[in-house]
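> A predicted structure for the sequence below; I have some questions about it.
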Amino acid sequence: MLLSIAYAADQATAPSLLEGMFPFAIIFVLFYFLLLRPQLKQAKAQRAMLAELKKGDEVSTSSGMIGKVDKIDNEIVSLEIATGVVIRVQKQSIQAKLDKAVATKTASKAK
C-alpha cells in the first residue's frame, strides 16, 4: 500500500518553461509602465524645454535660483538674477521655464 502512494507521487509534472517565465514577464511589463515610461517621458519633455530656451525667458535652476535668460551658448546659459547681476550656469541645471505671471509675482515679492 505504501509503495502505490510513493509511485503516484513520482508522476507529478514540472511546469513548462512558458509557465515559469510568465510571472517575470508580468513584472517586467508593470516595471515598464509604472517606472520606465514616465521617466522617459519626463526626460523627453526636459530636453524639449531646454532646446526651445530663448533670450528673455524666466527660468528656475536646480539650485532654486530664478532668473531671466540673458545669453545662451552651447552648454552655458547666462542668467540675470538681479539688475546688472549675471551668472553663468550649465544648461542642464535649468529645471523649469516659468510662466510670465509667476515670474512677475516672484519679482514683486522680492522688492
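Sure, I can see it.
> so where do the helices sit in the protein?
Listed in chain order, the helices of the chain (DSSP state H) span 2-9, 17-31, 37-51, 100-110.
> ranking the ones you listed by mean pLDDT, which is last?
The minimum mean pLDDT among the helices of the chain belongs to helix 2-9 (a mean of 54).
> counting neighbours, what do you get for the spatially closest residue to Val69 that is not a sequence neighbour?
When the adjacent residues along the chain are set aside, Val69 lies closest to Asp57, with 4.7 Å between them (C-beta to C-beta, 6 or more residues apart in numbering). (Each C-beta comes from the backbone N, C-alpha and C, glycine too.) The tally of other residues near Asp57 (other C-beta atoms under 10 Å) stands at 19.
> Gln42 too?
The number of residues near Gln42, taken as other C-beta under 10 Å, comes to 10.
> do you know how far it is from Val29?
Distance, Gln42 to Val29, using C-beta to C-beta, to the nearest Å: 20 Å.
> can you check Val69 too?
Going from Val69 to Val29 by C-beta to C-beta gives 41 Å.
> mind giving me the domain split of this structure?
Each domain of the chain is listed here as a residue range: 15-52, 54-110, per automatic domain parsing.
> give me the more crowded residue out of Val69 and Val29.
Legend: neighbour count by other C-beta under 10 Å for Val69 and Val29, higher for Val69 (18 against 10).
> show me what contacts the more buried one?
When the contact criterion is C-beta atoms under 8 Å, 6 or more residues apart in numbering, the partners of Val69 are Leu53, Lys54, Lys55, Gly56, Asp57, Glu58, Val59, Val77, Ser78, Leu79, Glu80.
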